[in-house]
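Chemist: Here is the input, now give the coordinates:
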Amino acid sequence: MKMRLVLSLGLSALVMGGTMVGCTAGGGDLGTASSRSVRNAEKVAAKDAKMADKFLVAGNHAQAVQFAEAAVALRPQTAAYRAVLGEAYLKAGRFASASQSLSDAMTLGSADGHVALNLALAQIGEGKWHEARTTLDNHANVMSATDRGLALALAGDPATGVQVLMDVVRSPDATVKTRQNLALALALSGRWADSRVVAALDLAPADLDKRMVQWAAFAQPEAASDQVAALLGVVPVADPGQPVALALNAPTSVGVAAADAVVPARAAPAIEVAAVSPVPVPAATVQVAVANAPIATIAAEGAFKVAAPVRAKSMKVAAVAKAKPQPRELASGNFYVQLGAFDSAGVAKDAWGRAQRRFAAFRQQSPTGMAFAHQGANYYRLSVGGYTRADAVSVCRQYRKRGGSCFVRAGAGDAMAQWIRPGAGGVQMAAR
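Modeler: Model (predicted):
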């Protein structure tokens, strides 16, 4: 089941109408020309807004931005056009511009819950968690609780997000989407065992471990924009900000504000979380520091470095071997890096061999494992650890950088892998 988070504005159709400009005697021609100018601006702006909406649906966000900016330039006092522009910026990975445009839409009177949700997501993407939580609280009455609960968790308040989602899950109208949002919120709050139990309600056993691996990576963002970008499936970019000419208090080319124009209404599906897509690496990623982020502190990356090969100096100078940095010894603890759950210990053994080839530091480690049953099927869990939480997070992070999949969890009865026998000569592999 693929993750989808599609935020649609769901804007109500508004009556398009022009404001007639009156004038004194002798100025009839000027008044008619001015009225015609207003009507023409309204028609062109409405057409641009519709084109922006079509490009949003088609996934062409750059074109959507261009047409939405043109609509706002013509009708700057129309909240619906600024809301469309904000969504276009959001899906183009321009979180600062999206935040400004959506905030302007709210200032102009938009009371749409999806506009408020988009604004909160843009603020989260900027690292403005306090502002995002304020937005979510101020518009709780017009926002889906399922959406709001997960957004609160993303905005640094996973405990409140879990409580909001718990209330929805307990109702008879609870959906798969609501339960999966709750499972992710539990994961973001560090309650991995509970998260797994909830996620398992709607996932096949083969998909459950994959989901937990994805969420483990999702819970450790390197930049404030990472999580929102992953949910939206966008690449965050260096954002120059909304054009100055589109500022809400900028002078307009048409002197008379008209009523809001018609914007094509689209269905507004709520946040749906199943799998979290990896964040694409942008050419210019927005680097925003996150204060008090509720994620595990990443240990220094000095451990597990492979020393550079020794090279002989040129000419007749004798080669001088460089001292190899010794990897820091990992402290003991109760946290493990889980590498997967497999059909049997034999399959897990093969997976361990591949992991060692992928990540040299694992060659000095002893794997652990545990057999378990889930929904009538037997599995063998492969892990490595007995570390502190910080060391486990560091190991998992470095392994993922080499293309592996893993997540960190507390110990759950992990023991030495079945195929290993401790011997005087070191670790030996048991026969298949």
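Chemist: low-scoring stretches of the stretch 1-150 of the chain, by residue?
Modeler: In the predicted model of the stretch 1-150 of the chain, residues 1-38 satisfy pLDDT under 70.
Chemist: again, but for the stretch 301-432 of the chain
Modeler: For the stretch 301-432 of the chain, counting by pLDDT under 70, the residues that fall below are 301-329, 374-375, 421-432.
Chemist: helix or strand for Tyr379, which one?
Modeler: Element membership for Tyr379, per DSSP states H and E: strand 377-387.
Chemist: nope, Ala193 is what I was after
Modeler: Element membership for Ala193 (DSSP H and E) is helix 192-199.
Chemist: What are the buried residues along that helix?
Modeler: Going by neighbour count (16 or more other Cβ atoms under 10 Å), the buried part of helix 192-199 is Trp192, Ser195, Arg196, Val198, Ala199. For glycine as for every other residue, the C-beta is placed from the backbone atoms N, C-alpha and C.
Chemist: what is the rounded mean pLDDT of it?
Modeler: Mean per-residue pLDDT for helix 192-199: 94.
Chemist: Next SSE downstream of the host helix or strand of Asp167?
Modeler: Assigned by DSSP H and E, Asp167 belongs to helix 158-169. Per DSSP H and E, helix 158-169 leads on to helix 176-188 as the next helix or strand towards the C-terminus.
Chemist: same for that next one, what does it pack against?
Modeler: Packing partners of helix 176-188 (3 or more Cβ pairs under 8 Å, 6 or more residues apart in numbering; DSSP states H and E): helix 145-154, helix 158-169, helix 192-199, helix 205-218.
Chemist: what do you get if the cut-off is 7 Å, keeping everything else the same?
Modeler: Contacts defined by 3 or more Cβ pairs under 7 Å, 6 or more residues apart in numbering; DSSP states H and E place helix 176-188 against helix 145-154, helix 158-169, helix 192-199.
Chemist: nearest to Ala96, of the ones you listed?
Modeler: Ala96 lies closest to helix 145-154 among the helices and strands packed on helix 176-188, at 17.3 Å (Cβ to Cβ).
Chemist: phi, psi of Ser144?
Modeler: Per-residue torsions, Ser144: phi -60, psi 130 (degrees, to the nearest 10).
Chemist: How about Gly127?
Modeler: Dihedral angles (degrees, to the nearest 10) for Gly127: phi 90, psi 10.
Chemist: Not counting residues beside it along the chain, what's closest to Pro243?
Modeler: Computed as Cβ to Cβ, 6 or more residues apart in numbering, the closest residue to Pro243 that is not its neighbour in sequence is Glu69, at 6.7 Å.
Chemist: hang on, that neighbour packs against Gln242?
Modeler: No: if you go by Cβ atoms under 7 Å, Glu69 and Gln242 don't touch, sitting 8.4 Å apart.
Chemist: Between helix 176-188 and the helix holding Ala193, find me the angle.
Modeler: Interaxial angle of helix 192-199 relative to helix 176-188 (axes from the mean of the first three to the mean of the last three Cα atoms, to 10 degrees): 170 degrees.
Chemist: I'd guess Phe67 is in a strand, am I close?
Modeler: No: under the criterion used here (DSSP: H, G, I helix; E, B strand; the rest coil), Phe67 is helix, not part of a strand.
Chemist: Which residue ranges make up the domains of this structure?
Modeler: Domain segmentation of the chain under the TED database yields 38-249, 335-420.
Chemist: Please identify the most buried of those domains.
Modeler: Neighbour counts (mean count of other Cβ atoms under 10 Å) averaged over each of these peak at domain 38-249, with a mean of 21.
Chemist: re earlier: would you list the helices and strands packed on helix 176-188 in JSON lines and tack on distance to Ser383?
Modeler: Shown next, in JSON lines, are those (distance: least, Cβ to Cβ, whole Å):
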{"stretch": "helix 145-154", "distance to Ser383": "26"}
{"stretch": "helix 158-169", "distance to Ser383": "25"}
{"stretch": "helix 192-199", "distance to Ser383": "13"}
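Chemist: Out of the ones you listed, which is closest to Ala122?
Modeler: That would be helix 145-154 among the helices and strands packed on helix 176-188, by Cβ to Cβ, at 11.2 Å.
Chemist: so what secondary structure elements neighbour the closest one?
Modeler: Looks like helix 145-154 contacts helix 113-125, helix 129-138, helix 158-169, helix 176-188 (3+ Cβ pairs under 7 Å, 6+ apart).
Chemist: okay, the angle between the last one and helix 158-169?
Modeler: The one in question is helix 176-188. Using the same axes, to 10 degrees: helix 176-188 against helix 158-169 is 160 degrees.
Chemist: In three-state terms, label Tyr336 for me.
Modeler: Applying three-state DSSP: Tyr336 is strand.
Chemist: for the residue lying closest to it once chain neighbours are set aside, what are its contacts?
Modeler: Leaving aside its chain neighbours, Tyr336 sits nearest to Gly385 (3.2 Å; criterion: Cβ to Cβ, 6+ apart). Going by Cβ atoms under 7 Å, 6 or more residues apart in numbering, Gly385 touches Phe335, Tyr336, Val337, Thr368, Ala392.
Chemist: same question, Ala105
Modeler: For Ala105, the contacting residues are Ala79, Arg82, Ala83, Gly86, Val115, by Cβ under 7 Å, 6+ apart.
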